[in-house]
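S.K.: give me a model of this one.
(chains A and B)
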Amino acid sequence: EADIYQTPRYLVIGTGKKITLECSQTMGHDKMYWYQQDPGMELHLIHYSYGVNSTEKGDLSSESTVSRIRTEHFPLTLESARPSHTSQYLCASSEKGTGDVEQYFGPGTRLTVT
Amino acid sequence: AQSVTQLGSHVSVSEGALVLLRCNYSSSVPPYLFWYVQYPNQGLQLLLKYTSAATLVKGINGFEAEFKKSETSFHLTKPSAHMSDAAEYFCAVTSWAGSYQLTFGKGTKLSVIP
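M.R.: Numbering: from 1, shown residues only, chains lettered A, B, ... in the order given. Below you'll find the predicted structure:
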């Protein structure tokens, strides 16, 4: 069982609010990822990190930002939420290594911006 | 560049029948291939992975997949469907692109009819 946690699980918030989606893992993984998932669509990588103080943007452009101050914590922030940000956000982590390493996923945060 | 195509966004099978979920990939270099399963309101869980060892890969819950390079396919099968197999299934590919990023297909939702 993967030990990766996301809070909140569901969030309904008004336009213009600042929000932070939390992601924590207890496996000591160096690599962490944020994906955006819309119904009927593929998961898109929006941010990733290879370790503390390392963050990179993924394939899908996103107005969100991330930080990695501690190995186990990888929060995602939206400074001003808009309805276009409505989606499911999945956090994942993996060990260092080559492409055959498994990514472990959290349960996701379903965000609705009204 | 790499991509994944999953044929059929929705597949229905009867309980006890063969499950076949199709996945074709494109990759300019030898790939690593994965199948993940997502149950409602949960994150993704790894079913199995191909990492250039055996071409027939066995995974959890009785699933297996065969890597066919000539067909650029990695179809997922299970001989006998169970009600608990109802979920969404994602095929993913990764290869060295500076970061071993996963590219996902759009997913196939499997329904099992009693």
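
S.K.: quote the end-to-end distance of stretch B:62-71.
M.R.: In stretch B:62-71, first residue to last residue: 24 Å (C-alpha to C-alpha, to the nearest Å).

S.K.: tell me the residue of chain B that sits nearest chain A?
M.R.: Among all residues of chain B, B:Gly43 sits closest to chain A, at 3.4 Å; criterion: C-beta to the nearest C-beta. To be clear about C-beta, it is placed using only N, CA and C from the backbone, and glycine gets the same treatment.

S.K.: list the contacts of that residue.
M.R.: A:Ala2, A:Ile4, A:Gln6, A:Leu90, A:Ala92, A:Phe105, A:Gly106, A:Pro107, A:Gly108 (C-beta atoms under 8 Å, 6 or more residues apart in numbering or on different chains).

S.K.: which pLDDT value goes with it?
M.R.: B:Gly43 is assigned a predicted lDDT (pLDDT) of 89.

S.K.: one more: A:Gly99?
M.R.: 64.

S.K.: which residues does residue 25 contact?
M.R.: Looking at chain A here, since you left the chain open. With C-beta under 8 Å, 6+ apart, A:Gln25 has these contacts: A:Ala2, A:Asp3, A:Ile4, A:Tyr5, A:Met32, A:Glu72, A:Phe74, A:Ser93, A:Tyr104, A:Gly106.

S.K.: not quite, go with chain B.
M.R.: B:Gln2, B:Ser3, B:Val4, B:Thr5, B:Pro31, B:Leu33, B:Thr72, B:Ser73, B:Phe74, B:Cys91, B:Val93.

S.K.: cross-reference those residues with the strands and report the matches.
M.R.: Taking DSSP state E as the definition of strands, these contribute B:Gln2, B:Ser3, B:Val4, B:Thr5, B:Leu33, B:Ser73, B:Phe74, B:Cys91, B:Val93.

S.K.: for these, work out which two are farthest apart.
M.R.: For these, the maximum inter-member distance is 14.5 Å, found between B:Gln2 and B:Ser73 (C-beta to C-beta).

S.K.: how about stretch A:28-41, does it reach chain B?
M.R.: Yes: shown here: stretch A:28-41 in contact with chain B (C-beta under 8 Å from any C-beta of the partner chain) through A:Gly40, A:Met41.

S.K.: now do the buried residues in that stretch.
M.R.: By neighbour count on 16 or more other C-beta atoms under 10 Å in any protein chain shown, the buried set for stretch A:28-41 is A:His29, A:Asp30, A:Lys31, A:Met32, A:Tyr33, A:Trp34, A:Tyr35, A:Gln36, A:Gln37.

S.K.: same question, stretch B:50-70
M.R.: Quick answer for stretch B:50-70 (16+ other C-beta under 10 Å): B:Tyr50, B:Thr51, B:Val57, B:Gly59, B:Phe63, B:Glu64, B:Ala65, B:Phe67.

S.K.: mind putting those residues into JSON lines with distance to B:Val112?
M.R.: As requested, these are exported to JSON lines (distance: C-beta to C-beta, whole Å):
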{"residue": "B:Tyr50", "distance to B:Val112": "25"}
{"residue": "B:Thr51", "distance to B:Val112": "29"}
{"residue": "B:Val57", "distance to B:Val112": "22"}
{"residue": "B:Gly59", "distance to B:Val112": "18"}
{"residue": "B:Phe63", "distance to B:Val112": "13"}
{"residue": "B:Glu64", "distance to B:Val112": "18"}
{"residue": "B:Ala65", "distance to B:Val112": "19"}
{"residue": "B:Phe67", "distance to B:Val112": "26"}
